[in-house]
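A.B. asks: this one's sequence-less:
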């Protein structure tokens, strides 16, 4: 009887807060590289796609962990975020460099050599310690323009073809950058401010027109950073293919989680049955198995509880997992549909492959909940789909006992005919 009381109203369970989840409940699926401020670097051999004529764009997300902003610059080494170089360290110059000003590292810029060099800088105080920020720099053959978080912060006149390079280096010039670098992109095109703003907060597909190189830095382990553009200019950590002291360290990514907002929109649309918004969120990249922050219930469960048939169908077509139990109580979408007498939704979930004999954490099944709630048609559907009529929960409370508690004689008789026992 106690187990039956626990599941008497599935809606109550739906709104019960999930138990505390560990750090692994929502693992960080993105990574970045952290450079030590001494000699760490990543080297990329240029196979030809990284040589530019008189225009290009470079972008990266960075989070400085320290920045030198006072004292004589003569004693300070030059530090770079990313550069086109003639050789690996130690090296002698290059075609361009996204760098920190030695006299004040909060002032950053892009220097372009044609071969005479000119730079556009942000101005002091622009780069901030401990804060992820997007840097972009554009050379269009007449001007260099630098952007922080999509807004222009500096410009300078310059012209001529960019000097050809042999390597692209991340995190190093005379010494290495001290901080995290993520989502490095090189374009053989002049990116507009609007284009920079539109793409900077999310990952690329890798096949965008004009994309010369793209290093998301999402490996999280190993000695290689893949170029996921069409050109395949993969990078190597440190001095060699093996582990060495000049390797930067893999850390959690700093690209903003734009999908968090999309996922929240998806869950809200599922609750409301707003299929237009649901479709738009899915098309934009929302996770069909997204959960809400408060109760950790999936969008599919919310749609089932609210009785939104088209929303359920749309989520299932998008790949929603019928067995997802992110609420940590093991309750599947089919269990909620059964308990709330959503006959058509039970049919749809079964057709989608829902496990008819899945158990919640206390052992209850969808058939138990349907029997308890007096849903005759749903009991028939579940039995026809192969539900175990003699299943018992963790307290040895059987399906027939749930039916007797529910007080529906037709269900009791149906289960007994199918061989159900107390």
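C.D. replies: Yes, it's here. Just so we're clear, the structure is a prediction, and the values are computed from it rather than from any experiment. Residues are numbered from 1 along each chain as shown.
A.B. asks: CA only for contacts and neighbour counts going forward, please
C.D. replies: Fine.
A.B. asks: quick one: what helix or strand has residue 236 in it?
C.D. replies: Under DSSP states H and E, the secondary-structure element containing residue 236 is strand 235-237.
A.B. asks: in its sheet, what does that strand sit against?
C.D. replies: Strand pairing for strand 235-237, determined by DSSP bridges: strand 42-45 (antiparallel), strand 224-225 (antiparallel).
A.B. asks: list the helices and strands the helix or strand that it is followed by packs on?
C.D. replies: Elements were assigned by DSSP H and E; along the chain past strand 235-237, the next helix or strand is strand 249-252. Applying 3 or more Cα pairs under 8 Å, 6 or more residues apart in numbering; DSSP states H and E, one finds that strand 249-252 contacts strand 31-36.
A.B. asks: Show me the contact partners of the strand it packs on.
C.D. replies: Residues from elsewhere that reach strand 31-36, judged by Cα atoms under 8 Å, 6 or more residues apart in numbering: 41, 171, 176-183, 216-220, 248-254.
A.B. asks: Go again with 6 Å.
C.D. replies: With Cα atoms under 6 Å, 6 or more residues apart in numbering as the test, strand 31-36 has contacts from 177-182, 217-218, 220, 248-253.
A.B. asks: do the same with stretch 244-251
C.D. replies: So stretch 244-251 is in contact with 31-35, 39-40, 220, 237-238, going by Cα under 6 Å, 6+ apart.
A.B. asks: again with stretch 375-386
C.D. replies: 341, 343, 370, 411.
A.B. asks: Name the residues of stretch 225-235 that come out as buried.
C.D. replies: By 16 or more other Cα atoms under 10 Å, the buried positions in stretch 225-235 come out as 225-229, 231-235.
A.B. asks: er, stretch 131-139 actually
C.D. replies: Result for stretch 131-139 [16+ other Cα under 10 Å]: buried residues 132-139.
A.B. asks: Residue 345 in helix, strand or coil?
C.D. replies: helix (DSSP: H, G, I helix; E, B strand; the rest coil).
A.B. asks: Quick one: mean pLDDT for stretch 194-212?
C.D. replies: Here stretch 194-212 scores 93 as its mean pLDDT.
A.B. asks: got the end-to-end distance for that stretch?
C.D. replies: 19 Å (Cα to Cα, to the nearest Å).
A.B. asks: next one: stretch 244-251
C.D. replies: 17 Å.
A.B. asks: Could you pull out the buried residues of the longest helix belonging to the chain?
C.D. replies: Determined from DSSP state H, the single longest helix within the chain is helix 258-272. The neighbour-count check on helix 258-272 (16+ other Cα under 10 Å) flags 259-260, 262-272 as buried.
A.B. asks: do stretch 234-245 as well
C.D. replies: 234-239.
A.B. asks: so how far is it off the chain centroid?
C.D. replies: 26 Å (Cα atoms, centre = their mean, to the nearest Å).
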